[in-house]
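Trainee: sharing a sequence plus its predicted fold:
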Amino acid sequence: MASYRSQSEFCPLLPCPSLGNFVERIKDACRFLVSAVLGTVLSAILTFFFALAKRVVSFYLLQWAHCLEHSQEL
């Protein structure tokens, strides 16, 4: 009975270089790159809005404290 072997059985220790494998590696690298860039952009946007919110809250707290000082003087 004849036995058939796949291409990968002939080089078990070293990965067989193939165009499909290379293309998959390029796709994975691109996915990683896009994911890293999107994560960085999202992080920058969130940091900006949290900093903006902190300034707005600080401004209103200072205004409120200023109003309290003036109301106690009366």
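Mentor: Done, it's in.
Trainee: counting neighbours, what do you get for residue 50?
Mentor: Neighbourhood size, residue 50 [other CB atoms under 10 Å]: 10. For the C-beta atoms, the positions are set from N, CA and C on the backbone; glycine is no exception.
Trainee: no no, residue 52
Mentor: Neighbour count for residue 52, taken as other CB under 10 Å: 10.
Trainee: distance of the residue nearest the centre of the chain relative to residue 18?
Mentor: The residue lying closest to the centre of the chain (CA atoms, centre = their mean) is residue 39, at 2.0 Å. Distance from residue 39 to residue 18, counting by CB to CB, to the nearest Å: 31 Å.
Trainee: work out for me the element the residue nearest to the centre of the chain sits within.
Mentor: helix 19-73 (DSSP states H and E).
Trainee: so which elements touch that helix?
Mentor: Using 3 or more CB pairs under 8 Å, 6 or more residues apart in numbering; DSSP states H and E as the contact criterion, helix 19-73 has no neighbours among helices and strands.
Trainee: tell me the average confidence for it?
Mentor: Averaging pLDDT along helix 19-73 yields 92.
Trainee: what's near enough to touch residue 31?
Mentor: By CB atoms under 8 Å, 6 or more residues apart in numbering, the contact list for residue 31 is empty.
Trainee: quick check: the gap between it and residue 20.
Mentor: Distance, residue 31 to residue 20, using CB to CB: 16 Å.
Trainee: likewise for residue 50?
Mentor: Noted for residue 50: a distance of 45 Å to residue 20, by CB to CB.
Trainee: also residue 59?
Mentor: On the measure of CB to CB, residue 59 and residue 20 end up 59 Å apart.
Trainee: neighbour-wise, which of these two wins?
Mentor: Neighbours were tallied for residue 59 and for residue 20 using other CB under 10 Å; the higher tally belongs to residue 59 (10 against 7).
Trainee: show me what contacts that one?
Mentor: Residue 59 makes contact with no residue, according to CB under 8 Å, 6+ apart.
Trainee: and what of the one 4 residues further on?
Mentor: Taking CB under 8 Å, 6+ apart as the contact definition, residue 63 lies against nothing.
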